[in-house]
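**Student:** give me a 3D structure for the following:
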Amino acid sequence: MIGCRLFYDKKSGLTLIANPKCAATSLKKSLMPHVNENIHENAITQLPVPATTDTVFFGIARNPYSRALSCYKDKIAKLTPIKKIFCERYSIDASRPLSFSIFLQILSKDTKPELMNPHYRPQVFNLLQKHIVPTFLGRLEDFSTVAHFLSRYNVDFVIKAAHATNSSLTYRQEITSEEALLIRKIYQSDFDSYNYSMDIGSSYIPTSDYNIQSINRTVKSVITLQSRGWDQKKLAYAAGREEDRCNWTSALAYWRAALLFTSNPARILPRIETCKANQVISSA
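**Tutor:** As a prediction, the model looks like this:
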């Protein structure tokens, strides 16, 4: 959940905390100007998790109203892999149309928002707010400040909006009062943390934040594992090997480490619970 959000560019010394539906494609492209296709796939290998905390972390936040609408239009209104993930999680027929209102109603009842897909998960989880205070946190609505920050590290901001929906321009007219209420409920933490107005008619744009950077122990653990050659695949393999040997304590440790790297924690959490249960049984 942490490693899959971090993208380090050795040339500039910048590490992007990727926040889907918040110019993530443009920011990765800016750090990889020579890459013209398959931006996200190439970023995995060309912008790896940093090997040290001696790097400048940055990210971008977005108005929760426009982000929710943009995600729905781009990923849920039509049949996409993200819609399939959504429907699988909430036991819905993916072939049936899904309205924006129903999409929000379903999300509003989810008691574990941290396990949502990153495209519609609250931004506080994508931006690793509990773990990182970045040097810079920009705002999607203020590209000029983001571009200025990047220019300080000799990076040209390239806007590559392959999935643009124009929701930043239209959300005030498109979102109903009932939908706005649901968005405020789902994304309360984002409104509070990033200083966006809950008044959907407001044109206020929060200022970008420059901070004294701090990184907590969990992120440092991810960086240490990565520097030693561990990733989700290797950790999951090691965990399965320990399960086969009924070494539940070791398997649990490996699964917990693998959890730090995955974008789909829902698949690993059941393995963690199984190890916990078997650990109790074996020690009884």
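**Student:** who's in contact with the closest residue to residue 174 other than its chain neighbours?
**Tutor:** Leaving aside its sequence neighbours, residue 174 sits nearest to residue 69 (C-beta to C-beta, 6 or more residues apart in numbering; 6.2 Å). All C-beta spots, glycine's among them, are computed from the backbone N, C-alpha and C. When contacts are counted by C-beta atoms under 8 Å, 6 or more residues apart in numbering, residue 69 touches 100, 165, 167, 170, 171, 174, 175.
**Student:** just list what the longest strand anywhere in the chain packs against, helices and strands only.
**Tutor:** In the chain, taking DSSP state E as the definition, the longest strand is strand 56-61. Packing contacts for strand 56-61, counted by 3 or more C-beta pairs under 8 Å, 6 or more residues apart in numbering; DSSP states H and E, involve strand 14-17, strand 136-139, helix 188-194.
**Student:** which one of the ones you listed lies closest to residue 232?
**Tutor:** strand 14-17 (17.9 Å; C-beta to C-beta).
**Student:** and that closest one, what other elements does it pack with?
**Tutor:** strand 6-9, helix 24-31, strand 56-61.
**Student:** touching that strand from outside, list them.
**Tutor:** Contacts of strand 14-17 (C-beta under 8 Å, 6+ apart): 5-9, 24, 27-28, 31, 47, 50, 55-59, 126-128, 132, 134, 150, 153, 155.
**Student:** in helices, which of the contacts of residue 69 fall?
**Tutor:** 100, 167, 170, 171, 174 (DSSP state H).
**Student:** quick check, nearest of those to residue 43?
**Tutor:** residue 167 (23.4 Å).
**Student:** check contacts around the closest one.
**Tutor:** By C-beta under 8 Å, 6+ apart, residue 167 lies in contact with 66, 67, 69, 70, 73, 174.
**Student:** repeat the analysis, applying 7 Å as the threshold.
**Tutor:** 66, 69, 70, 73 (C-beta atoms under 7 Å, 6 or more residues apart in numbering).
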